[in-house]
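**Student:** Please find the sequence and the predicted model below.
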Amino acid sequence: MQLGSVFIWKNFPHSKDGTVKDRYFVYVGESHFPDNPIYIFLITTTTRKVYYQKGGPRESHTIYKFKAGTFGFIKDSILDIDFLYNLKKEDLYRGLKEIETICCLPEHVLKEIYDLILKSKNISLKIKENIYISYNQAGITGLKRPSRK
């Protein structure tokens, strides 16, 4: 899968809340350390803006907004950086028949998302380092290296 791929995973079976439903994702990389198995990093979207409003349960989450009609999103959508999934690559391969790739995000959008990933307090340094390597391997260089603050 290409860095920045936007796709729909129909009947996504790995939801954090246990529900099985169609989900939009953005692929932001995979593990590069000698982990076995290899993990992929996906960030999900939602159309439920009320969660992110003042007083909402996710108001402090780091987000990126997509307008309806851009990059295959039918409705205004929020990419919730703090809802990053790290799944075994084999789980992605098992689900390929349920995955429909929509498009690939342009480099300037990927850089904006990367900057938000660095700011997230919910993503570990190890995962940030893996995403940094994934971006570099995809030819997106000159990025700030993740570090402990």
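**Tutor:** Perfect, I can see it now.
**Student:** Wait, Tyr51 touches Ile63, no?
**Tutor:** No: using Cβ atoms under 8 Å, Tyr51 is not in contact with Ile63; the gap is 9.7 Å. C-beta here means a position set from N, CA and C on the backbone, and glycine is covered the same way.
**Student:** between the two, which one's more packed in?
**Tutor:** The neighbour count for Tyr51 versus Ile63, taken as other Cβ atoms under 10 Å, is higher for Ile63 (20 against 14).
**Student:** Settle this for me: that one is touching Asp80, isn't it.
**Tutor:** Yes: with contacts counted by Cβ under 8 Å, Ile63 reaches Asp80, the gap being 5.7 Å.
**Student:** Please enumerate the shared neighbours of these two.
**Tutor:** Counting by Cβ atoms under 8 Å, 6 or more residues apart in numbering, Ile63 and Asp80 have no shared contacts at all.
**Student:** pLDDT value on the nearest residue to Phe12 once chain neighbours are set aside, please?
**Tutor:** Residue nearest to Phe12 in three dimensions, not counting chain neighbours: Arg23, with 4.3 Å by Cβ to Cβ, 6 or more residues apart in numbering. Per-residue confidence (pLDDT) for Arg23: 88.
**Student:** does Arg23 sit in a helix or strand, and which one?
**Tutor:** Element membership of Arg23 [criterion: DSSP states H and E] is strand 21-30.
**Student:** Could I get the phi/psi values of the nearest residue to Lys89 once chain neighbours are set aside?
**Tutor:** Once flanking residues are discounted, Lys89 sits nearest to Ile38: 4.4 Å by Cβ to Cβ, 6+ apart. Main-chain torsions, Ile38, degrees, to the nearest 10: phi -80, psi 140.
**Student:** helices and strands of this structure: which one bottoms out on pLDDT?
**Tutor:** Across the helices and strands of the chain, mean confidence by mean pLDDT, DSSP states H and E is lowest for helix 89-94: a mean of 84.
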